[in-house]
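>>> Have a look; sequence and predicted model below, questions after that.
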Amino acid sequence: MYVRDARKHEEVWLLDRIEEMGLDGLAFRSRDYVIALDEETGERAGFGRTRLHKLDEEFCELTSLGVIEPWRGQGVGAHVIERLLDHASDDGFERVYAFVSTPEYFEGFGFERIDEAALPEGLRERLDRKRERTMPDAVPTAIETERFEMPARLRERFKEARPQGEGDEDEGAVNELAEEFGIDPESATYKYDTGR
């Protein structure tokens, strides 16, 4: 498993997963996302993004975090968060916000709950919009980027991650990629035809 920046051709896949999971796709830009992949199969396991808010000052938010059902519980989400925080730190952000419905999960990495009144005004408005649109029980959290801690058990699980059970969400990834390049997966042989 590994996490990398999303690619332009993955926009449709991302938008479909965001819609399926009822996540916040507001101001969608694929270049803001990272994707976790199985390095053997290329199967996409999870994703997330950073969103910059330019108010009186700039703020960075983690949002649209999702893990495909068969990949849950194996450290995929943790590694997506880690990569996003690395990007935020590289961009000069020392503090990153996340509005989440499962604050306990995020606290395991070093995030802390924030009193809503302590949020900068523009972020309070963002929290209100998030509650109205996609996450009525959202809780504001934040982390100093250098305080992120990856639990050893999640680092180990991620190394050996495999889809669990039936209903593989990414079945047909090869056909999907072929179709993006204009190849009909039903008739293509994927072999070099010499015409002989």
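Received it, and whenever you're ready, just let me know what you need. Residues are numbered from 1 along each chain as shown.

>>> how near is the spatially most central residue of the chain to residue 83?
Nearest to the mean C-alpha position of the chain, by C-alpha atoms, centre = their mean, lies residue 48 at 1.7 Å. Computed as C-beta to C-beta, to the nearest Å, the residue 48 to residue 83 distance reads 8 Å. No exception for glycine: its C-beta is placed from N, CA and C like everyone else's.

>>> Need the overlap of contacts for those two.
Listed as contacting both residue 48 and residue 83 by C-beta atoms under 8 Å, 6 or more residues apart in numbering are residue 34.

>>> so how many other residues sit close to the residue nearest to the residue nearest to the centre of the chain when sequence neighbours are not counted?
Of all residues not flanking residue 48 in the chain, residue 65 sits nearest, at 3.9 Å (C-beta to C-beta, 6 or more residues apart in numbering). Residues within reach of residue 65, counting by other C-beta atoms under 10 Å, total 20.

>>> Neighbouring strands - and their directions - for the helix or strand harbouring residue 65?
Assessed by DSSP states H and E, residue 65 sits inside strand 58-67. Note on strand 58-67: by DSSP bridges, its sheet partners are strand 44-54 (antiparallel), strand 95-100 (parallel).

>>> could you dump these to JSON lines with distance to residue 18?
Shown next, in JSON lines, are these (distance: least, C-beta to C-beta, whole Å):
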{"stretch": "strand 44-54", "distance to residue 18": "8"}
{"stretch": "strand 95-100", "distance to residue 18": "16"}
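
>>> can I get those in a markdown table with mean pLDDT and distance to residue 79?
Below are those laid out as a markdown table (pLDDT from 0 to 100; distance: least, C-beta to C-beta, whole Å):
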| stretch | mean pLDDT | distance to residue 79 |
| --- | --- | --- |
| strand 44-54 | 92 | 8 |
| strand 95-100 | 94 | 15 |
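
>>> which residues of the chain score low on pLDDT?
Along the chain, the parts satisfying pLDDT under 70 run over 55, 166-196.

>>> Tell me which residues touch residue 49, please.
32, 33, 34, 62, 63, 64, 65, 84.

>>> Which of the residues you listed sits closest to residue 77?
Using C-beta to C-beta, residue 65 comes nearest to residue 77 of the contacts of residue 49, at 6.3 Å.

>>> my guess is the closest one meets residue 79, correct?
No - with contact defined as C-beta atoms under 8 Å, residue 65 does not reach residue 79; the gap is 11.3 Å.

>>> who touches both of those two?
By C-beta under 8 Å, 6+ apart, residue 65 and residue 79 have these common neighbours: residue 46.

>>> With respect to residue 25, which of the contacts of residue 49 is nearest?
Using C-beta to C-beta, residue 64 comes nearest to residue 25 of the contacts of residue 49, at 6.6 Å.

>>> which one's the longest helix in the protein?
Assignment by DSSP state H gives helix 76-90 as the longest helix of the chain.

>>> Using CSV, list the CA coordinates for that helix.
This file holds the C-alpha atoms of helix 76-90, laid out as CSV (Å, rounded to 0.1, in the frame of the first residue of the first chain):
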residue,chain,number,x,y,z
VAL,A,76,-5.7,3.4,5.1
GLY,A,77,-7.4,6.5,6.5
ALA,A,78,-4.5,7.1,8.9
HIS,A,79,-2.0,7.1,6.1
VAL,A,80,-4.2,9.4,4.0
ILE,A,81,-4.3,11.9,6.9
GLU,A,82,-0.5,11.6,7.4
ARG,A,83,0.1,12.4,3.7
LEU,A,84,-2.3,15.4,3.8
LEU,A,85,-0.6,16.8,6.9
ASP,A,86,2.8,16.4,5.2
HIS,A,87,1.4,18.4,2.3
ALA,A,88,0.0,21.1,4.6
SER,A,89,3.3,21.3,6.5
ASP,A,90,5.2,21.6,3.2
